[in-house]
Every structure is written in C-alpha cells, then in structure tokens.
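> 3D, please:
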Amino acid sequence: MTRRKFLGATMAGSATVLAGQFPTFVRAATPAISDASTFQLGGDLTVNRLGFGAMRITGEGIWGWSADREGAKKLLRRVVELGVNLIDTADAYGPEVSELLIAEALHPYPKGLVIATKGGHTRPGPGQWVPNGRPEYLAECVDNSLKRLKLERIDLYQLHRIDKNVPVEESLGALKKAQDAGKIRHVGLSEVSVKEIEQAKKVLPIVSIQNRYNIEDRGSEEALNYCEKEKMAFLPWAPLGGSGKGSLTKAGGSLETEAKRHNATMVQLALAWLLHRSPVMLPIPGTSSIAHLEENVASAKLQLPAEDWKKVEELSQARG
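Below is the predicted model:
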C-alpha cells in the first residue's frame, strides 16, 4: 500500500476512528496496560485521546493573526469534522488570537467538545514568554478567556507555568476560587515535576499535566508514570518535536525507514507511539495545514505487532 492510499483509506473513516473505534495497539513495553480510544478527563469528560493543539493557528512566531484567518477557521472546523473533541489553547497564543479564532469558527460549540485553555504565561512581545502567577492576574485571565471563548465555564483550565516569584499556593488559590465560583470545571498544570504536582494537589484537585514529551524527548517520564498511577491525563506538548532541529517532521534515518515499512510517515509513527505508550496520554499535535491535520488524525489507525513496537522502541532510544 502506498502512503497516498494509506492516507486516503484512513481519512475515509477517521471520524469513526476518533469517535471510539481505534484499532487495538499491541503493547510491548508495558503489556499490563491496554490502549483505549477515549479517556475520562477529570473523571467526567469523555475525550478522544488524539486532540488538537491550537497554537499554530496564529501568526508567525505565535504572534498576531494568521495570514489566512479564514483558512485558520476552516482548519478548526475540519478538526471537529474529523472527530477530534479536545482542543488545547492558551491566552498567550497570539496573544488572545487562538481563543478568539476558536470562538469565531466553532461557537456555538458542538456537544461534547472540550476546550482546554491556559493562563499565567505572558507575551510582552514576539518570542518573549514571561510567567505571571499573581492571583489577581490569574483571576483576570480566567474571566477574559471565558469572554473570548464565549463560555460560561472552562472545562479544563491549566496553569501555563509556575511563577517562581509567587508561591504556587497563591496562584492555585486564585484558580480554586474561580472553580468554586463555577468558572472552571477542572484544573491542570504545565511543565511541572512530580514534587510540584503533589504540592499543587494540597490546594485543589489536579486532573492533567502538560509537559514536553515525544518519542525522542522523554525527560518527563517520571511525571508521565505518576499520571498513569494517579489516572491523570498527560498532554504531551511538542509531540512531534516542535519546530526546531528536534522536529520529527524533518527526521530521517532508521525511524523514518521503519515508518515507511508500515506505509506511514514518521509523523504518524511518532503519534501512534504516543497513543501506544500510555492509556493516559492525550497527544495534541498542532498545525496550520489541513493536509497535515488529516495526516495526524490518520495516525490513530496505525497498527504494529508487538515485535515491531519493540523495534521502534530500540531505534528511538538509539537516536535519543
């Protein structure tokens, strides 16, 4: 089967795939854990495990509006058409642009769509990221995200970064007040250690963690294992390595050869591996291209026998 035929056949049924009919992956590394097509986020929100990250629908450098604003909205509508029901964004993307586009494209939202956003990581200018965990600022962030997204309650609100200049208990205290007021359903964290997760859980329940993680960058393995143990969602950002030299979209060599052997792309192999790696894993690959979006969604149908997953594991460790 050629790559073109694989994509065509896969996309014909991708909405069905993401609606809950994933093929069963054969697990090599942790056979005691079975893969599933959906995850209960916070125990009460059923989401398909392959989500969408809405960072790249903004302008160049994650700053300002997309050069093709209508194209960005078309992309978001295609996300939903394909059965994706978890969209991850943040007030810092643009800033504000990503949230506004989501509302423009998708409001009123289809039933079951979960929009996760983040606050506490400011953008003074292009290429600049500065944490701000002051309670009064975070309270404003929640209110402003509600307005931009046209929501009465945010299903998942994540502290984008812990501000080292503010006690985390104070930052999370503001989110707890918003949760108690009905503005937030669930709370998550981003870029944290196990120690920080446990510290946060003393203030309020934490249902998800969003750390950098992909097939070649497993620095957050301890946090992932903790999430698995606690049945918390793990949203790997940069699931395809990001846009730098570590990007898996530009990868070559043995892993790409292995992907081609299965009539797939390196991107699809990397995303399928994440879904295979843990049942709490919710990859959120982002893109500004409908073609790339469809390629990403197609990865959910990639099946490998146990011995091939083992080979992929060995090749990725050799490259890392």
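> can you give me the helices in the chain?
Ranges of helices within the chain are 3-12, 14-18, 69-81, 97-106, 135-149, 168-180, 194-200, 221-230, 254-261, 266-277, 290-298, 306-319, based on DSSP state H.
> Just name the most buried of those.
Neighbour counts (mean count of other C-beta atoms under 10 Å) averaged over each of those peak at helix 266-277, with a mean of 24. C-betas here are computed from N, CA, C, even on glycine.
> follow-up on the earlier one: in JSON lines: the helices of the chain, plus distance to Met55 and mean pLDDT.
Shown next, in JSON lines, are those (distance: least, C-beta to C-beta, whole Å; pLDDT from 0 to 100):
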{"stretch": "helix 3-12", "distance to Met55": "23", "mean pLDDT": "45"}
{"stretch": "helix 14-18", "distance to Met55": "20", "mean pLDDT": "50"}
{"stretch": "helix 69-81", "distance to Met55": "12", "mean pLDDT": "98"}
{"stretch": "helix 97-106", "distance to Met55": "7", "mean pLDDT": "98"}
{"stretch": "helix 135-149", "distance to Met55": "15", "mean pLDDT": "98"}
{"stretch": "helix 168-180", "distance to Met55": "21", "mean pLDDT": "98"}
{"stretch": "helix 194-200", "distance to Met55": "23", "mean pLDDT": "98"}
{"stretch": "helix 221-230", "distance to Met55": "21", "mean pLDDT": "98"}
{"stretch": "helix 254-261", "distance to Met55": "24", "mean pLDDT": "89"}
{"stretch": "helix 266-277", "distance to Met55": "16", "mean pLDDT": "94"}
{"stretch": "helix 290-298", "distance to Met55": "13", "mean pLDDT": "97"}
{"stretch": "helix 306-319", "distance to Met55": "24", "mean pLDDT": "84"}
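> export those to CSV and tack on distance to Gly188?
Output for the helices of the chain, formatted as CSV (distance: least, C-beta to C-beta, whole Å):
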stretch, distance to Gly188
helix 3-12, 30
helix 14-18, 21
helix 69-81, 20
helix 97-106, 16
helix 135-149, 13
helix 168-180, 10
helix 194-200, 10
helix 221-230, 10
helix 254-261, 30
helix 266-277, 18
helix 290-298, 22
helix 306-319, 27
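> now for the ones you listed, which one comes closest to Pro236?
helix 266-277 (6.2 Å; C-beta to C-beta).
> Once you drop chain neighbours, what's closest to His186?
Gly42 (3.9 Å; C-beta to C-beta, 6 or more residues apart in numbering).
> That neighbour and Phe234, how far apart?
Per C-beta to C-beta, to the nearest Å, Gly42 is found 13 Å from Phe234.
> Overlap in contacts, the two.
Residues touching both Gly42 and Phe234 (C-beta atoms under 8 Å, 6 or more residues apart in numbering): Ser208.
> Between these two, which has more neighbouring residues?
The residue with more neighbours, out of Gly42 and Phe234, is Phe234; 26 against 20, by other C-beta atoms under 10 Å.
> What residues does that one make contact with?
208-211, 213, 223-224, 227-228, 278, 280-282.
> same check, this time on Glu136
Shown in contact with Glu136 (C-beta under 8 Å, 6+ apart): Ala174.
> With Glu152 instead?
Residues near Glu152 by C-beta under 8 Å, 6+ apart: Leu146, Gly182.
> Same question for Gln199.
Gln199 is in contact with Val168, Glu169, counting by C-beta under 8 Å, 6+ apart.
> ok, now with 7 Å
Taking C-beta atoms under 7 Å, 6 or more residues apart in numbering, we find Gln199 in contact with Val168.
> mind checking how far it is from Gly112?
33 Å.
> ditto for Val79
Distance, Val79 to Gly112, using C-beta to C-beta: 13 Å.
> chain center to stretch 174-184, what's the gap?
Computed by C-alpha atoms, centre = their mean, to the nearest Å, the chain-centroid distance of stretch 174-184 equals 23 Å.
> With just CA atoms, put it into PDB.
The C-alpha coordinates for stretch 174-184 follow below in PDB (Å, rounded to 0.1, in the frame of the first residue of the first chain):
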ATOM      1  CA  ALA A 174      -7.000  32.000  42.600                       C
ATOM      2  CA  LEU A 175      -7.900  29.100  40.300                       C
ATOM      3  CA  LYS A 176      -9.600  27.400  43.200                       C
ATOM      4  CA  LYS A 177     -11.800  30.500  43.800                       C
ATOM      5  CA  ALA A 178     -12.700  30.500  40.100                       C
ATOM      6  CA  GLN A 179     -13.500  26.800  40.300                       C
ATOM      7  CA  ASP A 180     -15.600  27.300  43.400                       C
ATOM      8  CA  ALA A 181     -17.400  30.100  41.500                       C
ATOM      9  CA  GLY A 182     -18.300  27.800  38.700                       C
ATOM     10  CA  LYS A 183     -16.000  29.400  36.200                       C
ATOM     11  CA  ILE A 184     -13.700  26.400  35.900                       C
END
